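Student: sharing a model that was predicted from the sequence below.
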Amino acid sequence: MQIAVIIPTYNEKENLERLVTQLLALPLPVAVIVVDDNSPDGTGIIAERLADENPGRIHVVHRAGKLGLGTAYIAGFHQAIALHSDLVVTMDADFSHPPSAIPRMAEKIGDGYDLVIGSRYVPGGQAVECTLPRKILSWGANAFARIMLGLKAHDATAGFRCYRREVLESIDLDQIFSNGYSFLMEMLYKVQRKGWKVGEVPIVFLNRQQGTSKISRNEIYRALYTVLRLAKRRLLGPAE
């Protein structure tokens, strides 16, 4: 199966080349899609150099500015679909998501799942080098989303995911309202409402070692709004 790995980037020059090298070394037919939001640190230039050095295996989508995580994923999804990828992986550029877990995620897709999440919150999973407030925020956000939206996955806010292409093709991606990290919860909600089978594999989530975190207070407020908006739709609206 052809696998496309989408990496949204903004100021990730310390991480990108090392991450791409590890992805291309996996024992799988992997192509990498870098979606760069005009990083002022030159991440986009590094991505173009890597694409020149690895023709056909690295694709770069340049955007005009910092337009948000959700729209970066959507741009990457469209590119992956255009490449006729069988599986589409999303992951962060900061090594919080281990590339070595991708073969296990693809294997679980082969077991009959349609979306597989690299999860901190199933047996064997954990988060390391995260502050206590960060852990409390993550656990609370997951619990709130699962209760309000009826989500079955334990790690509803995880960005490390592997989708069948057909799952993405079944969703009107350009009509997704959420952006930022709340996009992840809305995507999971839509996938589950469509009846696709969701599974999880345990990962060790390593807190960012290089660069700076992109999570802001506004992102938290937007995530809260997204959960409440979708919960209202779940209670009052028809199945999607």
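Tutor: Cool, got the structure. Just so we're clear, the structure is a prediction, and the values are computed from it rather than from any experiment.
Student: show me where pLDDT drops low in this protein?
Tutor: 208-216, 237-240 (pLDDT under 70).
Student: can we see that at 80?
Tutor: Counting by pLDDT under 80, the chain shows low-confidence ranges at 129-132, 134, 180, 208-217, 219-220, 237-240.
Student: select the longest helix from the chain.
Tutor: helix 217-236 (DSSP state H).
Student: by contact count, what packs against it?
Tutor: Counting contacts by 3 or more Cβ pairs under 8 Å, 6 or more residues apart in numbering; DSSP states H and E, helix 217-236 is packed against helix 132-149, helix 182-193. All C-beta atoms are positioned from the backbone trio N, CA, C, and that covers glycine.
Student: again, only using 10 Å
Tutor: Packing partners of helix 217-236 (3 or more Cβ pairs under 10 Å, 6 or more residues apart in numbering; DSSP states H and E): helix 69-82, helix 132-149, helix 182-193.
Student: for whichever helix or strand comes after the second one, which strands pair with it and how are they oriented?
Tutor: It refers to helix 132-149. Along the chain past helix 132-149, the next helix or strand (assigned with DSSP states H and E) turns out to be strand 161-164. Strand 161-164 has the following strand partners under DSSP bridges: strand 87-90 (antiparallel), strand 115-119 (antiparallel).
Student: same for the helix or strand just after the shortest one, what does it pack against?
Tutor: Next along the chain after strand 87-90, taking DSSP H and E as the criterion, comes helix 102-110. The contact analysis (3+ Cβ pairs under 10 Å, 6+ apart) places helix 102-110 against strand 3-9, strand 30-36, strand 87-90, strand 115-119, strand 161-164, strand 198-202.
Student: export the helix or strand that the fifth one is followed by to PDB, keeping only CA atoms.
Tutor: It refers to strand 161-164. Note on strand 161-164: by DSSP H and E, the next helix or strand toward the C-terminus is helix 165-169. Extracted in PDB, the C-alpha atoms of helix 165-169 (Å, rounded to 0.1, in the frame of the first residue of the first chain):
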ATOM      1  CA  ARG A 165      -8.000   7.200   1.600                       C
ATOM      2  CA  GLU A 166     -11.700   6.200   1.200                       C
ATOM      3  CA  VAL A 167     -12.400   7.700   4.600                       C
ATOM      4  CA  LEU A 168     -11.100  11.100   3.500                       C
ATOM      5  CA  GLU A 169     -13.000  10.800   0.200                       C
END
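Student: so how far is stretch 134-148 off the chain centroid?
Tutor: Distance, stretch centre to chain centre, for stretch 134-148: 17 Å (Cα atoms, centre = their mean, to the nearest Å).
Student: which outside residues touch that stretch?
Tutor: 119-121, 127, 130-131, 151-158, 181-182, 184-186, 188-189, 205, 207, 213, 215, 220, 223-224, 226-228, 230-232, 234-235 (Cβ atoms under 10 Å, 6 or more residues apart in numbering).
Student: at 6 Å what do you get?
Tutor: Leu151, Ala156, Thr157, Met185, Val227, Ala231 (Cβ atoms under 6 Å, 6 or more residues apart in numbering).
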